[in-house]
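# Can you look at this prediction? I've put the sequence above it.
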Amino acid sequence: MVIVYDKTAELTGARPRHPEKAARPDTPALKKPEWIRVRMPGSPVYAETRDIVKAHGLVTVCEEARCPNIGECWSQKHATMMIMGDTCTRACAFCNVATGLPKPLDADEPRRVGDAVAKLGLKHVVITSVDRDDLSDGGAGHFAATIAAIRHATPSTTIEVLTPDFLRKEGALEQVVAARPDVFNHNLETVPGLYLKIRPGARYFHSLRLLQRVKELDPAMFTKSGIMVGLGETRDEVMQLMDDLRSANVDFMTIGQYLQPTRKHAEVKAFVTPAEFESYGRIGKTKGFLLVSATPLTRSSHHAGDDFSRLQAARRSSIR
Ligand code: SF4
């Protein structure tokens, strides 16, 4: 018997979002602590943001990942576009983005992203994507085209990319770096010991090397990476991962609490306390990151504009 977790899919016969997880037993669900509090969506600016995104036919990671910060971010027009469709070729155990075979690339999407960013009036934008292992360049050319389109539509906007790992895509990383985003972000997501379970299609040292390579190609480009905690990692493993990121010259690290999108996803092993997050933040700074954002609701793109200003200021003061 197939156990279907997506009730809508079950009732309508539609394809579930994560077919590879559908037959798995439910994972335990821990009760959320009081410090995981989110603002409900609903302000007029939130609705305006949603309308601009829809009018341009764009996908956002805010919606696809069911991000807990959407009420706050969209009330400030901070939407993070997810390019190259809504279907991912990987099947990570933590992620709510639908999995399967994606549609062909939409060549007009970069222009629409540029227009939407201009319409939203963003000073800083984060562009991410699904994994596109089906494309020969992993989607690097589409990233480059999107960066160019944003520069054309709104030249003063600073651009942060949050890319896939471009595993086995020769020359892909170089193509994105050559398009000169202001911040290059690639998330390690978790400690190496949990990769097989949480991020089975990826390789820890490949991701680390990718970040290191960005700095080699363009030492002035800010690099950034993030992890989720609460997946069963130990504190020592987080310390080692921080050291690994510093060895790769990564400037900015984000640490947030993992939240389980559905009972078919990896379970939350622990809710890390705000005090523990503060401690991670302090230790990260002593290890030499220009900036560390570590709170339960920290996400890669949360407050990314303000953080970019802080990054610039931190670099200026470090070279005085
Ligand atoms: S934190 Fe990022 S993904 Fe979440 S709502 Fe804000 S911009 Fe979107």
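Nice, thanks for sending it over. Only a predicted model underlies this, so the values are computations on that prediction, with no experimental measurement involved.
# In contact with Pro318, which residues?
Actually, residue 318 is Ser. It isn't Pro. Ser318 sits next to Leu290 when contact means CB atoms under 8 Å, 6 or more residues apart in numbering. Quick note: C-beta positions are derived from backbone N, CA and C, even for glycine.
# Got phi/psi on it?
The main-chain torsion angles of Ser318 are listed as degrees, to the nearest 10 and equal phi -80, psi -20.
# Please tell me how far it sits from Gly71.
Using CB to CB, to the nearest Å, one obtains 35 Å as the distance from Ser318 to Gly71.
# Likewise for Thr99?
The span separating Thr99 from Gly71 equals 26 Å under the rule CB to CB.
# Compare these two (neighbour count), which wins?
Here Thr99 and Gly71 are compared on neighbour count by other CB atoms under 10 Å; more neighbours surround Thr99, at 20 against 16.
# Ignoring the adjacent residues along the chain, who's closest to the more buried one?
Nearest residue to Thr99 in three dimensions, chain neighbours excluded: Ala91, at 4.7 Å (CB to CB, 6 or more residues apart in numbering).
# now do Glu233
Distances taken as CB to CB, 6+ apart put Val191 closest to Glu233, at 4.4 Å, once the chain neighbours are dropped.
# So which bits of the helix or strand where Arg151 lies are buried?
Using DSSP states H and E, Arg151 sits in helix 140-153. Judged by neighbour count (16 or more other CB atoms under 10 Å), helix 140-153 contains these buried residues: Ala140, Gly141, His142, Phe143, Ala144, Ala145, Thr146, Ile147, Ala149, Ile150, Arg151, Ala153.
# hang on, the earlier thing: number of residues surrounding the residue nearest to Glu233?
Look at Val191: counted by other CB under 10 Å, it has 22 neighbours.
# Wait, it touches Glu237, no?
Yes - Val191 is in contact with Glu237 according to CB atoms under 8 Å; the separation is 4.0 Å.
# Skipping its backbone neighbours, what lies nearest the closest residue to the ligand within the stretch 101-250 of the chain in space?
In the stretch 101-250 of the chain, the residue found nearest to the ligand is Val126; the distance is 6.5 Å by CB to the nearest ligand atom. Sequence neighbours aside, Ser301 is the residue nearest to Val126 in space, at 4.1 Å (criterion: CB to CB, 6+ apart).
# same thing with Met242?
Computed as CB to CB, 6+ apart, the closest residue to Met242 that is not its neighbour in sequence is Lys287, at 5.2 Å.
# Over to Ala304?
Counting by CB to CB, 6+ apart, Val126 is the residue found nearest to Ala304 once chain neighbours are left out, at 5.0 Å.
# list the contacts for the residue nearest to Thr99?
Neighbour list for Ala91: His18, Glu20, Lys21, Thr99, Pro200, Gly201 [criterion: CB under 8 Å, 6+ apart].
# Next: Val183.
When contacts are counted by CB under 8 Å, 6+ apart, Val183 is found next to Thr158, Ile159, Glu160, Val161, Met221, Phe222, Thr223, Lys224, Phe252, Ala304, Phe308, Leu311.
# possible to save the residues you listed as a markdown table with secondary structure and distance to Cys67?
Listed next are the contacts of Val183 as a markdown table, based on DSSP: H, G, I helix; E, B strand; the rest coil; distance: CB to CB, whole Å:
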| residue | secondary structure | distance to Cys67 |
| --- | --- | --- |
| Thr158 | strand | 21 |
| Ile159 | strand | 20 |
| Glu160 | strand | 16 |
| Val161 | strand | 18 |
| Met221 | coil | 25 |
| Phe222 | strand | 22 |
| Thr223 | strand | 22 |
| Lys224 | strand | 17 |
| Phe252 | strand | 19 |
| Ala304 | helix | 13 |
| Phe308 | helix | 19 |
| Leu311 | helix | 22 |
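# Flag every residue of the stretch 201-320 of the chain that's near the ligand.
By CB under 6 Å from any ligand atom, the part of the stretch 201-320 of the chain that sits against the ligand consists of Arg299, Ser301, His302.
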